[in-house]
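Colleague: this one's structure only:
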């Protein structure tokens, strides 16, 4: 598997999520049917900043040799993010109040978690 395509795809997905949460947190909450109360919009903006940071990191690492011991910190960060994110989204998806968008995000996160796990635990030449 070519790590370049994985890094580009994950950077694109994270950039879209980051821009959405950074610049439209109230609208995102309204789309999900959740109230924009208290510090929730600000916390979503902080999450958006984290997504943008991950997107930039993945975009700049797309030309590196990744896998096995190469780029281990980048692979570990992505693997942890997507694995824990997939588990959290799965927990939320069980609640029928969120609709299908949560299942779509869960599927995307699960695919990225599996791909980053494969890349993390295999040699780059395989």
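Modeller: Received, thanks. Keep in mind it's a predicted model, so treat the numbers as computed, not measured. Numbering: from 1, shown residues only.
Colleague: The chain: helices as residue ranges?
Modeller: 3-23, 25-31, 40-60, 72-93, 100-120 (DSSP state H).
Colleague: Switch these over to a markdown table; also include distance to residue 66 and mean neighbour count.
Modeller: (C-beta placed from N, C-alpha, C; glycine too.) A markdown table is the format used below for those (distance: least, Cβ to Cβ, whole Å; neighbours: other Cβ atoms under 10 Å):
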| stretch | distance to residue 66 | mean neighbour count |
| --- | --- | --- |
| helix 3-23 | 4 | 18 |
| helix 25-31 | 31 | 15 |
| helix 40-60 | 10 | 16 |
| helix 72-93 | 6 | 17 |
| helix 100-120 | 6 | 17 |
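Colleague: Can you convert those into TSV and add a column each for mean pLDDT?
Modeller: Converted to TSV, those look like this (pLDDT from 0 to 100):
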stretch	mean pLDDT
helix 3-23	96
helix 25-31	93
helix 40-60	97
helix 72-93	95
helix 100-120	95
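Colleague: what does stretch 38-47 contact?
Modeller: For stretch 38-47, the surrounding residues in contact (Cβ atoms under 8 Å, 6 or more residues apart in numbering) are 21, 22, 25, 26, 28, 29, 34.
Colleague: The closest residue to the first one other than its chain neighbours: what's it in contact with?
Modeller: In this case it means residue 21. Using Cβ to Cβ, 6 or more residues apart in numbering and skipping residues adjacent in sequence, the residue nearest residue 21 is residue 48, 3.1 Å away. Neighbouring residues of residue 48 by Cβ under 8 Å, 6+ apart: 17, 18, 19, 20, 21, 22, 23, 25.
Colleague: Thank you, goodbye.
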